[in-house]
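S.K.: just the structure for this:
(one chain, ligands or ions: 1)
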Amino acid sequence: MALWGGRFSQGADSRFKQFNDSLRFDYRLAEQDIQGSMAWAKALVKVGVLTADEQGKLQQAMEVLLASVQQDPQQILSSDAEDIHSWVESALIAAVGDLGKKLHTGRSRNDQVATDLKLWCKAQGELLLGSITALQQGLVASARANQAAVLPGYTHLQRAQPVTFAHWALAYVEMLERDYSRLQDALKRLDTSPLGCGALAGTAYAIDREALALDMGFAGATRNSLDSVSDRDHVVELMHVASLSMTHLSRFAEDLIFYNTGEAGFVELSDAVTSGSSLMPQKKNPDALELIRGKTGRVVGAQMGMLMSLKALPLAYNKDMQEDKEGLFDALDTWHDCLDMAALVLIDLKVNGERTMAAAQGGYANATELADYLVAKGIPFREAHHIVGETVVFAISVGRPLEELSIGEFQRFSPVIEFDVYPNLELEATLAKRVAKGGVAREQVEAALTAAEAWLAKR
Ligand code: ARG
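M.R.: This next block holds a predicted model:
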């Protein structure tokens, strides 16, 4: 039975009902709807709408219902109720009779749905914080396991300067740490309860909304009823956190897809996260990573869709807002899956230290060191840059790396170059110089790794 039949003399067109109903997706709010209803029943006792005895009966019925939906949420889908709020109400009426019809006193689905969704966001947010941390731990573990590995560092996808695999992994730990703090921040801001705001103007019963909020686990109650039922900022914010984090994951995926190519051969992905080709027997495709990269688009798209749905909506609640849930559920589910999948990819990732070292040594990645060497000999950097450019052109023409040029060859480009140039061109020397905070010097990376291990261990 619809919640609002009295005003209507004709039933809904079945096509409209199908179009309008939200149960097929908002069934996921069942637990939160029951949790909010339990708190609401208690608040109704304090204002004299329910007796303690009635509230006790409702509470008992709701506990049974909660256990049942936790065990089998799919059961809800066989109902033709309009939405989860109607479903819970009819389930209660079926369980306790007319008493179930009292529960909606002073409440609207507008404050109810806003409350349910915020409760769901809070629960989901905690799980996501856990998945971010798990991926960071995976990165740190992989950095530890491959600490010796040198990696060519790129700009413009041209080999630029050598870095280490650990330094690369720690870059993603940093990105995820910002995602973590953005998520915490968004969760903090959404931690206010709209329940007791009624349809839009506030409830006509003297509900202690602060106590009600605390009872449901919120930090406090919202301040303005119009805003409370029409606010979906938290939906957009969570989608934004998800979008930005997915953008990070897409870059992680892209780096590894490239490192895994036959041409680079820097890493080998485990059989457990790759798939084969139906035609070409030799192939092992990086599907997990490609899907992470690809799914970034739908998460960003969901955020844009939500912003468009909210744009220019008049106060207060409008049915447009029912569009919040599918996009949010999909965006957060997708983000969650991708965080977990990225962690899985790292578990058996093999780094080929010989290949990465060879690549880091090639490509004239030590050219900056030669320029710095000339600077140390008193040549202004701009001039040194030019000299090294010419030297590199020569080295390319004779098909040798810089460190294999003879002193005679070097001196064609600058007379100040002497035998002490060679140690400067060694790969470890180029790493060792970068001791300023955040640089790739071994001791800097070790300190960064230890620090990350320590903060992650405390979570
Ligand atoms: N299914 C609705 C939603 O998701 C619940 C609120 C409906 N309120 C109303 N007055 N029609 O937004």
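S.K.: give me the pLDDT value at Leu3.
M.R.: pLDDT recorded at Leu3 is 76.
S.K.: and for Met38?
M.R.: pLDDT at Met38 comes out at 98.
S.K.: that one - how many residues pack around it?
M.R.: 18 (other C-beta atoms under 10 Å). (C-beta placed from N, C-alpha, C; glycine too.)
S.K.: who touches it in this structure?
M.R.: By C-beta atoms under 8 Å, 6 or more residues apart in numbering, the contact list for Met38 reads 58-59, 62.
S.K.: which residues of the chain lie near the ligand?
M.R.: Contact residues (C-beta under 6 Å from any ligand atom) of the chain with the ligand: 22, 26, 83, 109-110, 113, 319, 321-322.
S.K.: which one among the contacts of Met38 gets closest to Thr334?
M.R.: Met62 (31.6 Å; C-beta to C-beta).
S.K.: now tell me what touches the helix or strand in which the closest one is found from outside.
M.R.: Met62 is part of helix 52-71, with elements assigned from DSSP states H and E. With C-beta under 8 Å, 6+ apart as the test, helix 52-71 has contacts from 30-31, 34-35, 37-38, 41-42, 44-45, 50, 75-76, 88, 91-92, 95-96, 99-100, 102-103.
S.K.: out of those, which are buried?
M.R.: 30-31, 34-35, 37-38, 41-42, 44-45, 50, 76, 88, 91-92, 95-96, 99-100, 102-103 (16 or more other C-beta atoms under 10 Å).
S.K.: inside helices: which ones of these?
M.R.: Taking DSSP state H, the ones among those that sit in helices are 30-31, 34-35, 37-38, 41-42, 44-45, 88, 91-92, 95-96.
S.K.: can you flag which of the residues of the chain next to the ligand belong to helices?
M.R.: Members of the residues of the chain next to the ligand lying in helices (criterion: DSSP H): 26, 109-110, 113.
S.K.: now the two most distant members of those residues.
M.R.: Pairwise distances across those (C-beta to C-beta) peak at 13.7 Å, for the pair Asp26 and Asn110.
S.K.: the more surrounded of these two?
M.R.: Asp26 (26 against 21).
S.K.: related to what we said a few turns ago, now, which of the ones in helices among the buried ones among the contacts of helix 52-71 sits nearest Gly438?
M.R.: Distances from Gly438 to those, taken by C-beta to C-beta, are shortest for Glu31, at 44.2 Å.
S.K.: contact partners for the closest one?
M.R.: Contacts for Glu31 (C-beta under 8 Å, 6+ apart) come out as 66, 69-70.
S.K.: which of those residues are buried, as a PyMOL select command?
M.R.: To isolate the buried ones among the contacts of Glu31 in PyMOL, judged by 16+ other C-beta under 10 Å, type:
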select buried, resi 66+69
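S.K.: circling back: most widely separated two among the ones in helices among the buried ones among the contacts of helix 52-71?
M.R.: Going by C-beta to C-beta, the pair spanning those furthest: Ala30 and Val45, at 23.5 Å.
S.K.: spatially, and excluding backbone neighbours, which residue is closest to the closest residue to the ligand within the stretch 301-450 of the chain.
M.R.: Relative to the ligand, the nearest point of the stretch 301-450 of the chain is Gln322 (3.7 Å; C-beta to the nearest ligand atom). Excluding its sequence neighbours, the residue lying closest to Gln322 (C-beta to C-beta, 6 or more residues apart in numbering) is Ser22, at 5.3 Å.
S.K.: contact partners for the one you found?
M.R.: 82-84, 322, 325.
S.K.: can we see that at 10 Å?
M.R.: Contact partners of Ser22, counting by C-beta atoms under 10 Å, 6 or more residues apart in numbering, are 29, 81-86, 113, 319, 322-323, 325-326.
S.K.: and the residues you listed, which of them are buried?
M.R.: 29, 81-86, 113, 322-323, 325-326.
S.K.: distance to Asn146 and pLDDT for those - can I get that in JSON lines?
M.R.: Formatted as JSON lines, those follow (distance: C-beta to C-beta, whole Å; pLDDT from 0 to 100):
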{"residue": "Leu29", "distance to Asn146": "44", "pLDDT": "98"}
{"residue": "Ala81", "distance to Asn146": "54", "pLDDT": "97"}
{"residue": "Glu82", "distance to Asn146": "55", "pLDDT": "97"}
{"residue": "Asp83", "distance to Asn146": "51", "pLDDT": "98"}
{"residue": "Ile84", "distance to Asn146": "48", "pLDDT": "98"}
{"residue": "His85", "distance to Asn146": "52", "pLDDT": "98"}
{"residue": "Ser86", "distance to Asn146": "55", "pLDDT": "98"}
{"residue": "Val113", "distance to Asn146": "48", "pLDDT": "98"}
{"residue": "Gln322", "distance to Asn146": "48", "pLDDT": "98"}
{"residue": "Glu323", "distance to Asn146": "45", "pLDDT": "97"}
{"residue": "Lys325", "distance to Asn146": "42", "pLDDT": "98"}
{"residue": "Glu326", "distance to Asn146": "41", "pLDDT": "98"}
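S.K.: great, nothing more from me.
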